[in-house]
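Enquirer: here's my sequence, what's the structure:
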Amino acid sequence: MSENKKKQNIVLRIAKSIAHRFVEVRQEMKRVIWTSKEKLVQVTVIVLVVILAAAIILSLAGQGSKYLLQKTGFYNQATATTTVATTAATPAATTTAAETTAAAATTTAA
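Expert: Numbers count the residues shown, from 1 in each chain. Sure thing, here's the model as predicted:
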């Protein structure tokens with residue numbers, strides 16, 4: 001019976017601790033000085049404008065560097081290509097699957 005009471009006490013203490021934490025958070029949120037709606041909109045617009053400006057600047061820098069690299073021939077580097085001469089297969093060198101199987105069978109039978 002005492003173990004059951006200990007488990008109930010632990011659960012009760014945890015529940016009280018969580019409830020106390022919510023009370024503290026609620027009290028702290030009442031003390032916070034919130035910005036006005038106008039100020040919030042103003043700061044949001046500023047942040048969006050800065051993000052847009054940064055995106056435009058980075059895009060222009062990327063396109064400019066791409067243009068410069070193309071004009072200097074960076075992307076047009078010569079690549080070494082190797083050509084291999086191939087010969088037509090002769091009828092004597094060509095074997096079918098049936099011929100290969102028959103040759104293997106005669107080799108294992110001997």
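Enquirer: look up how far residue 32 lies from residue 20.
Expert: As judged by Cβ to Cβ, to the nearest Å, residue 20 and residue 32 stand 19 Å apart. To be clear about C-beta, it is placed using only N, CA and C from the backbone, and glycine gets the same treatment.
Enquirer: the two: who's more crowded?
Expert: Set side by side, residue 20 and residue 32 show more neighbours around residue 20, with 10 against 6, by other Cβ atoms under 10 Å.
Enquirer: what helix or strand is residue 29 located in?
Expert: Per DSSP states H and E: residue 29 is located in helix 2-31.
Enquirer: pLDDT on the lengthiest helix in the chain, on average?
Expert: When the chain is scanned for its longest helix (criterion: DSSP state H), the result is helix 37-71. For helix 37-71, mean pLDDT rounds to 96.
Enquirer: what is the end-to-end distance of stretch 29-38?
Expert: Length of stretch 29-38, first residue to last, Cα to Cα, to the nearest Å: 21 Å.
Enquirer: please list the outside residues in contact with it.
Expert: Identification of contacts with stretch 29-38 by Cβ atoms under 8 Å, 6 or more residues apart in numbering yields residue 43.
Enquirer: buried residues in it?
Expert: When burial is assessed from 16 or more other Cβ atoms under 10 Å, stretch 29-38 yields no buried residues.
Enquirer: what is the burial count for residue 66?
Expert: Neighbour tally, residue 66, other Cβ under 10 Å: 12.
Enquirer: how much space separates residue 30 from residue 24?
Expert: Note on residue 30: its distance to residue 24, by Cβ to Cβ, is 11 Å.
Enquirer: next one: residue 76
Expert: Distance of residue 76 to residue 24, computed by Cβ to Cβ: 67 Å.
Enquirer: please apply the same query to residue 59.
Expert: Applying Cβ to Cβ to residue 59 and residue 24 gives a distance of 47 Å.
Enquirer: break the protein into its domains for me.
Expert: Structural domains assigned to the chain are 1-33, 34-73, following automatic domain parsing.
Enquirer: closest to residue 83 out of those domains?
Expert: Closest to residue 83 of these, according to Cβ to Cβ: domain 34-73, at 24.5 Å.
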